[in-house]
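Asks: got a predicted structure here, sequence first:
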Amino acid sequence: MSPNGSVPEVKRNIFFPGQQLLAEDLADLNLANRELRWLHNRALHNWGIGIGLQVQGQRGGSVVAIEPGFAVDCLGREILLIAEQTKPVPAVAGASGAEAIFYLVIAYKDDADQQVLEKRPGVCHSDGSVRLAEDPVLTWRLPNELREGQDIVLAKASILNCRLNRALSLAERRNARPGQQPYIYSGQTGSQDTPWQVWPAPNQPNQRLGVFVEVDTSVAQFHTQPTYIAHIVGERFSVGKKFSLVSFAAVANPKPKQFTLQVLLPNFGPSVKAVNPSPADLPNPDLLDALKTLNWHVVWMGVEG
């Protein structure tokens, strides 16, 4: 491969009847075909996971399972896993009760590191390898150890006390083949049981920024992190308590199975108490009760692909 990893220095191999072939001739032929194939892969295709390589690992587990599959790295090299494998979770405890983050990656393994499957004797009592395994590198890496494009991320693990502290995250996976069309799913929370919570102002316990809610989207069965669009449905004016709510909603912390909808209720000052009342005028429990009375709930849509 050329130094810049783009166009390889390839020589065209030709043969003639009666030619004496040496090992170098066949090695050069194999090298040329491989370099041209890798050039094709990186020039005309995306790098990432082609098929398979699904990973299973649930909270509390100490081992993850990786299914067979195929991937291509940014240099065009094919990465093949032909049989299911298991991988122990890194034996780390975490620091001061915090999770340790590791990435499970698969990568291309060079010829020099491959297992020798067959050796044959040659002339003059010499011998050499004629068959190598096609095994990949399958390992855990810290975030600062990742080689983008060469390490194909299969999953992200949050580890505490040598076990998975939560289910594996698959949002970091990259597919070599984009979907033929986007996958779209929509849903909504219940009008009477949306679990709104108060969004407190930082370092100001007697103030609030607004409210928020964790929205469960697991019913959509997204495989990767989608793009979410969400808005609030419900009344904005409380007749009984005589106040109005002016809100600004935004999606935060999107994940394949959930997202957070943060709703800002700006304070317009003491002269406008009837709009977005402060905690002094409308305590937090009363505000949450009012949202239920106003039938506040979330309508959302996720687009994957």
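Replies: Happy to help now that I have it. Residues are numbered from 1 along each chain as shown.

Asks: Val72 bridge partners, please.
Replies: Gly48, Glu78 (DSSP bridges).

Asks: how far away is it from Pro270?
Replies: Computed as CB to CB, to the nearest Å, the Val72 to Pro270 distance reads 63 Å. Just so you know, the C-beta spots here come from the backbone N, C-alpha and C atoms, and that holds for glycine as well.

Asks: neighbour count winner among these two?
Replies: Val72 (22 against 9; other CB atoms under 10 Å).

Asks: quick one: that one from His45, how far?
Replies: Taken as CB to CB, the span from Val72 to His45 is 6 Å.

Asks: now do the shared contacts for the two.
Replies: Ala176 (CB atoms under 8 Å, 6 or more residues apart in numbering).

Asks: buried residues in stretch 13-32, which are they?
Replies: Leu29, Ala32 (16 or more other CB atoms under 10 Å).

Asks: next, the distance between the ends of it.
Replies: Stretch 13-32 has an end-to-end distance of 8 Å (CA to CA, to the nearest Å).

Asks: and stretch 270-288, by the same measure?
Replies: First-to-last residue span, stretch 270-288, CA to CA: 21 Å.

Asks: just stretch 131-141 next, same as before
Replies: Note: stretch 131-141 ends 29 Å apart using CA to CA.

Asks: now do that stretch, average pLDDT.
Replies: Stretch 131-141 carries an average pLDDT of 89.

Asks: hey, C-alpha coordinates of stretch 224-231 in CSV?
Replies: The C-alpha trace of stretch 224-231 is given here as CSV (Å, rounded to 0.1, in the frame of the first residue of the first chain):
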residue,chain,number,x,y,z
THR,A,224,-29.3,3.1,16.5
GLN,A,225,-29.9,6.6,17.8
PRO,A,226,-32.6,8.2,15.8
THR,A,227,-33.5,11.8,15.2
TYR,A,228,-36.4,12.8,17.5
ILE,A,229,-39.0,15.4,16.9
ALA,A,230,-41.3,16.1,19.9
HIS,A,231,-43.9,18.6,21.0
